[in-house]
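*Asks:* give me the fold of what follows.
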Amino acid sequence: MKRLLPLLPVLAFFFISCTPTYFFLKGNLKRNYEAHIEEVWEATLQSVEELKLATESTKLDAFGGEIKGEMADGTTYTIELKRLGEKSTEVGVRIGPFGDRAKSDTIHDKILSKL
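*Replies:* Predicted coordinates for the structure are as follows:
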């Protein structure tokens, strides 16, 4: 164990610098987009429409936004946008109560194709 202590700073740097673009946490798949929140919002609305997802509510302000709805099979979804900077926006996609990585990936891929 003592031999590993000098390696801790190197390992910490490695894990911090290798942060993935996507991360799946507690059923929520998040991704950062290098675009203004309004651009990402429009791309997200277009994606939801093209994927034929029913929308129950939408709200947007200068700091973030949220789209909630239901899929054809009755599963709920939530898409949250968060302004990180002038041209940086985080988007989180959650499908159902526990998340669905594959469906969340599909939504993110569609958003990315619109930007």
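
*Asks:* how deep is the residue lying closest to residue 52 once chain neighbours are set aside tucked in, by neighbour count?
*Replies:* In this structure, residue 52 finds its nearest non-sequential neighbour in residue 72, 7.4 Å apart by CB to CB, 6 or more residues apart in numbering. For glycine as for every other residue, the C-beta is placed from the backbone atoms N, C-alpha and C. Residue 72 has 8 neighbouring residues, counting by other CB atoms under 10 Å.

*Asks:* residues of the longest strand along the chain that come out buried?
*Replies:* Longest strand in the chain by number of residues (criterion: DSSP state E): strand 76-85. Of the residues in strand 76-85, 77, 78, 79, 80, 81, 82, 83 count as buried by neighbour count, 16 or more other CB atoms under 10 Å.

*Asks:* what packs against it?
*Replies:* Under the contact criterion of 3 or more CB pairs under 8 Å, 6 or more residues apart in numbering; DSSP states H and E, strand 76-85 touches helix 37-50, strand 64-70, strand 88-95, helix 101-114.

*Asks:* out of these, which comes closest to residue 57?
*Replies:* strand 64-70 (4.8 Å; CB to CB).
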